[in-house]
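A.B. asks: Sequence first, then the predicted structure, then my questions.
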Amino acid sequence: MSPRLLALGDGALTLEFGDRIDPALNAQVIAARDALAALQLEGISDVVPAWRSLTVHFDPLRLDRELLSRHLLECAQAKAQELALAGPRSGIPGRQGPTRWRIPVVFGDEFGPDLAAVAQATGRSEAQIIEALCATDLRVFLIGFLPGFPYLGELPDWLRLPRLATPRAAVPANSLAIAGAQAAIYPWQSPGGWHLLGRTPVRLFDVDNVGRPALLAPGDSVRFTPIARAEFERLAAAVAAREIEPAAWQAQ
Amino acid sequence: MIEILDAPLPASFQDGGRPGYRHLGVPLSGALDAGWLAIANALAGNPPATVALEIRLRGPRLRATQPVTLALAGEFSARIEDVAGQSRAAGNWRSLALAENEILDCGFLKSGIGYLAVRGGFDLPAVLGSRSTYARAGFGGIEGRAIKAGDSLKVGAGAPPMLLRLPQAPRVADGPLRVIAGPQRDYFSDAAWATFLDAEFRVSREADRMGLRLDGPRLTHTRSSDIISDAVTPGAIQVPGDGRPIVLLADCQTVGGYPKIATVIAADLPRLGHALPGQTLRFVEVGLAQALAARREAAAILAECIASMVPERAGFDLDALYAANLIDGVIDAQH
């Protein structure tokens, strides 16, 4: 399927690359976003990458729709960028290369109340679940649902479970959760129907960091590292006291 | 300061919203009717997108601990109580000067929403460039929550250049809401599309700043009722598996997983903000050129409305109005 443009009302255009969840399509989305950012067009308010599409929110009184359409179809041809190990990040779309992250997680117990049930449903041990999850390079496909909420993928086939039949009214902030082929971390307490496996001390969204409020960006890569309860508590206290820079979570 | 004495129903702070952060999952937010926000602010002597209280159905009762100038945009039944306990009608669509310790009771609201602006704006911290309340993540406004009795709000200082009134109240347009066929129009049969355009829908009780769920004929999908999530926007009409459409509003999420049959054009979005449960809605399809013309027309109507404001006592003083930069500012706000 070749890229196509869809009208999302009179103030937004969606550039769609395909109809499946595929890291290659998502990489094209990010590449198109970067190419568009380089054009520095006036009249664009938001550029939103999703799984397999890029949406541009714009003011049609300031930016001609036909002109934007032509630019977007050209940007659709941009080559996907290599994953960089680290690099300066401004938080502004298109300004930096993708980054690798290592996110510490304490698994099980009150932090991951569904770990035992997930082990049972998949016929593995809790240790095997943790090991498999922490051995998987997860791609940040998009940020959505809540500020800073990353949709990560993809999980090994055997770890893909349907959502909970009854969603929880309140998932604690910083919970690591899985559903289907996806993993995520809830940056805020929120209702949620995913399986809770653990919790991270890492702050995923910081409203005081105006230039870069969300830690993760689409196109980034995430690996989880298991930590013990004492280490979680030490790191959580340090994060709360702002003694740890966000860059500390980048993979070395 | 303004002290909230009583807030029977939730009211939130809203300004021009939080554009530029939707790629991080942060909703746009902002006033459901940016035009009425601009009118309230013009009457209070403020730039058009200054933060104001957005009120539904019933407004708060508040006391001014210092002389303040306010304005109400909307069909309120507001009254002012002076220190002697005498009450007088406050009036809408005009600058209201409250003396120290006078009490304003906004009363009930006949229009769906209304705005209370105060000269100098409410002194609230900007979060990601906006003071708009965003409840789900608990930021903006007062820690992301609705106002409540006991809140004490610092306001900007000084009197406006002049007290103004709007000779003719603006009207919320009726007639069908204009839509553009949605990105997933092809998830619906031609029959479902015809139903969508022919039928009357009723706003259900599930109505808030995130969206309005509509009752009416079910819109059936020809394909799946799930899509791989993509971006949504205020005005987008999602149809989940149960076939009951949801019109998204300012606080909607940034992405969604339901097919979008259509999108209400920007010029008609404020009308959705005013819609109340029980109200009926109809939709009519338009093209992009018509949507663009409607945007221009809406901006022109708002600019005319603000230009039509006259001083409360003296004659019409257009120069002073220009000097206060109200007219130019409002046109910019539409961009």
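C.D. replies: Ah, there it is.
A.B. asks: What residues does the stretch 1-150 of chain B have near chain A?
C.D. replies: Counting by Cβ under 8 Å from any Cβ of the partner chain, the residues of the stretch 1-150 of chain B close to chain A are B:19-26, B:28, B:127-129, B:136-139. From N, CA and C alone the C-beta is placed, and that goes for glycine too.
A.B. asks: among those, who's most crowded?
C.D. replies: Using other Cβ atoms under 10 Å in any protein chain shown as the neighbour criterion, residue B:26 leads the residues of the stretch 1-150 of chain B next to chain A with 30 neighbours.
A.B. asks: List the ones among the residues of the stretch 1-150 of chain B next to chain A that fall in strands.
C.D. replies: Applying DSSP state E to these, no entry is found in strands.
A.B. asks: from these, which single one is nearest residue A:45?
C.D. replies: Comparing the residues of the stretch 1-150 of chain B next to chain A against residue A:45 with Cβ to Cβ places residue B:19 closest, at 4.0 Å.
A.B. asks: Tell me if I'm right that that closest one and residue B:28 touch.
C.D. replies: Yes: using Cβ atoms under 8 Å, residue B:19 is in contact with residue B:28, at 6.1 Å.
A.B. asks: what sits in contact with each of these two?
C.D. replies: Common neighbours of residue B:19 and residue B:28 are listed as residue A:46 (criterion: Cβ atoms under 8 Å, 6 or more residues apart in numbering or on different chains).
A.B. asks: Let me see the mean pLDDT of the helix or strand hosting residue B:302.
C.D. replies: Using DSSP states H and E, residue B:302 falls within helix B:288-307. What helix B:288-307 shows for mean pLDDT is 97.
A.B. asks: What mean pLDDT does the helix or strand following it get?
C.D. replies: Using DSSP H and E, the helix or strand that directly follows helix B:288-307 along the chain is strand B:310-311. Averaged across strand B:310-311, the pLDDT comes to 96.
A.B. asks: so what strands line up beside strand B:310-311?
C.D. replies: When pairs are called by DSSP bridges, strand B:310-311 turns out to pair with strand B:164-165 (antiparallel).
A.B. asks: who does the helix or strand just after the strand it pairs with pair up with?
C.D. replies: Of the helices and strands lying after strand B:164-165 in sequence (DSSP H and E), the nearest is strand B:177-181. Here strand B:177-181 is paired, per DSSP bridges, with strand B:260-264 (antiparallel), strand B:283-285 (parallel).
A.B. asks: TSV please, covering those and showing mean neighbour count.
C.D. replies: Below are the strands paired with strand B:177-181 laid out as TSV (neighbours: other Cβ atoms under 10 Å in any protein chain shown):
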stretch	mean neighbour count
strand B:260-264	27
strand B:283-285	16
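A.B. asks: Identify whichever of those strands lies nearest to residue B:38.
C.D. replies: When the strands paired with strand B:177-181 are compared by Cβ to Cβ, strand B:260-264 sits nearest residue B:38, at 20.1 Å.
A.B. asks: Please state the offset of the closest one from the chain centre?
C.D. replies: How far strand B:260-264 lies from its chain's middle: 20 Å, per Cα atoms, centre = their mean, to the nearest Å.
A.B. asks: same thing with stretch A:183-199?
C.D. replies: Relative to the chain's own centre, stretch A:183-199 is displaced by 13 Å; criterion: Cα atoms, centre = their mean.
A.B. asks: and it, which residues are buried?
C.D. replies: Buried residues in stretch A:183-199, defined by neighbour count with 16 or more other Cβ atoms under 10 Å in any protein chain shown: A:183-190, A:192, A:194-199.
A.B. asks: Check stretch A:27-40 too.
C.D. replies: A:27-37.
A.B. asks: ok, and what's touching it?
C.D. replies: Outside of stretch A:27-40, the residues that reach it under the criterion Cβ under 8 Å, 6+ apart are A:3, A:15, A:17, A:44, A:47, A:49-54, A:56, A:71-72, A:74-76, A:78-81, A:92-95, A:98, A:218-219.
A.B. asks: got a list of what residue 15 touches?
C.D. replies: I'll assume chain A. Residues near residue A:15 by Cβ under 8 Å, 6+ apart: A:3-5, A:29, A:32, A:53-56, A:72-73, A:75-76.
A.B. asks: nope, chain B
C.D. replies: Neighbours of residue B:15 in contact, by Cβ under 8 Å, 6+ apart: B:30-31, B:37, B:49-52, B:130-132.
A.B. asks: Show me those residues that map onto helices.
C.D. replies: Mapping the contacts of residue B:15 onto helices (DSSP state H) picks out residue B:37.
A.B. asks: can you put the contacts of residue B:15 in CSV and add neighbour count and pLDDT?
C.D. replies: Shown next, in CSV, are the contacts of residue B:15 (neighbours: other Cβ atoms under 10 Å in any protein chain shown; pLDDT from 0 to 100):
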residue, neighbour count, pLDDT
B:30, 24, 98
B:31, 28, 98
B:37, 28, 98
B:49, 23, 98
B:50, 24, 97
B:51, 27, 98
B:52, 30, 98
B:130, 27, 97
B:131, 26, 98
B:132, 30, 98
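A.B. asks: quick one: which of the contacts of residue B:15 is nearest to residue A:238?
C.D. replies: Of all the contacts of residue B:15, the one with the least separation from residue A:238 (Cβ to Cβ) is residue B:130, at 30.0 Å.
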